Every structure is written in structure tokens, then in C-alpha cells.
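Asker: Predicted model and sequence below, questions to follow.
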Amino acid sequence: MDPSVSPMSQNSVVGGNGGGGNGMLTSSTTSDSNMADDPKQNLNQVINSIQKTLGLIHQLSLTVSFFNISSQLPLLQRLNSLVMELDKMMKLAEKCNIQVPMEVLNLIDDGKNPDEFTRDVINSCIAKNQITKGKTDAFKGLRKHLLEELEQAFPDEVESYREIRATSAAESKRLAQAQSMLPNGDIKG
């Protein structure tokens, strides 16, 4: 990069394509008064700051790799830019309320793909859902068996029970339909 770059040029964003041959794209600055409290915007600003920081670190590594006495000023300027960008990133990150499960961080530390955590959580939910469905089916079977046994022993009471259940179910259905109706009589879709 050109040694005449000053710390004031920190408003540039590192890009992988476009721009000049030095890999730099310029963008307008965003003042603190324009920053909204929108979580998605805050996250995008942190992501952009991370990308810019990575670019600055890359530039620093190139400067250090080919260091000579004449590149001391650009090195100091890039170090200052990095410090300022890290400070900006910390301030932006304070506005973000993102909670990352420790398991995801542990997977990343172990060099594994964090998508494994998502897959494991989904598989766990599926397994728990199957267990719950099995329990529900078992209770339905027990209820059916008990009703059959009760009907043999107490046919009049079981008939009365079924009438009460049918009336209750009809009332519940009517209430559900009434709640889904709009004031003009249309049904919510």
C-alpha cells in the first residue's frame, strides 16, 4: 500500500474485489448520530469492522514482512489504524446483544464446524419429539383400553361420559371458530 496513507484514511473498507490494485475500497463514514439501534444494523457494522480489522492485520503483516527503515511511518500509521478500528469494533460490539452457546465456541476451538451444533440440536429435538409422541400414543391406547373395560362394566355411565365429551368438544370448536371470526363475520385465514 502507498506509504502516504494516513490514519485518517481509516474510513476505507478492505474488499476482495473492485477498487484499486491495492484491495482497498472507500466508503463514506457513518457518524454516531446516524447509527440506529436496529440489532441487524449493529451486527452488520460489527461484521464490517471485523472485515476491516482483518484487512488491516493483513496489511500489517505485509508491511512487517518487507520492513525497512523507510516503511517505519506506514507501519506506525497502520498500527494506529488497527488500534482505532479495534476500539471502534469494541464500541460497536457493546450495542450487539448476541448470545452464542458455549458448545458452539467449544466446537470452533476444537476446529470443528459450528453447523454440527445446529445439527445436533435439531437431532435432539427430533428424538425428544419421538419420545413424546410415543408417550402420547401410549396414553391414547390406555384411554381406549380403559373406556372399553369401563363400557363392559358400566355401560350407562360410559354413554353419559361420551355425551358430555361430545358436548364439550362441540363447545370448544364453537369457541375456537368464534375467536377466529372477524367482526364482519369473515373467518381469519
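Answerer: Sure, I can see it.

Asker: Low-confidence bits of this structure, can you list those?
Answerer: 1-37, 182-189 (pLDDT under 70).

Asker: Now do the strands in it.
Answerer: Using DSSP state E, the strands of the chain run over 12-14, 24-26.

Asker: Just name whatever secondary elements the lengthiest helix in the chain is in contact with.
Answerer: For the chain, the helix with the greatest residue count under DSSP state H is helix 115-153. Judged by 3 or more C-beta pairs under 8 Å, 6 or more residues apart in numbering; DSSP states H and E, the packing partners of helix 115-153 are helix 102-109, helix 155-179. For every residue, glycine as well, the C-beta is placed using N, CA and C.

Asker: in that helix, what's buried?
Answerer: Phe117 (16 or more other C-beta atoms under 10 Å).

Asker: neighbours of Ala178, just the number please.
Answerer: Using other C-beta atoms under 10 Å, Ala178 is surrounded by 8 other residues.

Asker: same thing with Leu56?
Answerer: By other C-beta under 10 Å, the residues close to Leu56 number 21.

Asker: Now do the same contact list for it.
Answerer: Contact analysis of Leu56 by C-beta atoms under 8 Å, 6 or more residues apart in numbering lists 14, 78, 81-82, 85.

Asker: May I see those organised as a markdown table, with neighbour count and distance to Lys173 added?
Answerer: Shown next, in a markdown table, are the contacts of Leu56 (neighbours: other C-beta atoms under 10 Å; distance: C-beta to C-beta, whole Å):
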| residue | neighbour count | distance to Lys173 |
| --- | --- | --- |
| Val14 | 19 | 61 |
| Arg78 | 23 | 71 |
| Ser81 | 23 | 67 |
| Leu82 | 19 | 66 |
| Glu85 | 19 | 62 |
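
Asker: Dump those to TSV, plus distance to Pro39.
Answerer: Converted to TSV, these look like this (distance: C-beta to C-beta, whole Å):
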residue	distance to Pro39
Val14	24
Arg78	31
Ser81	27
Leu82	26
Glu85	21
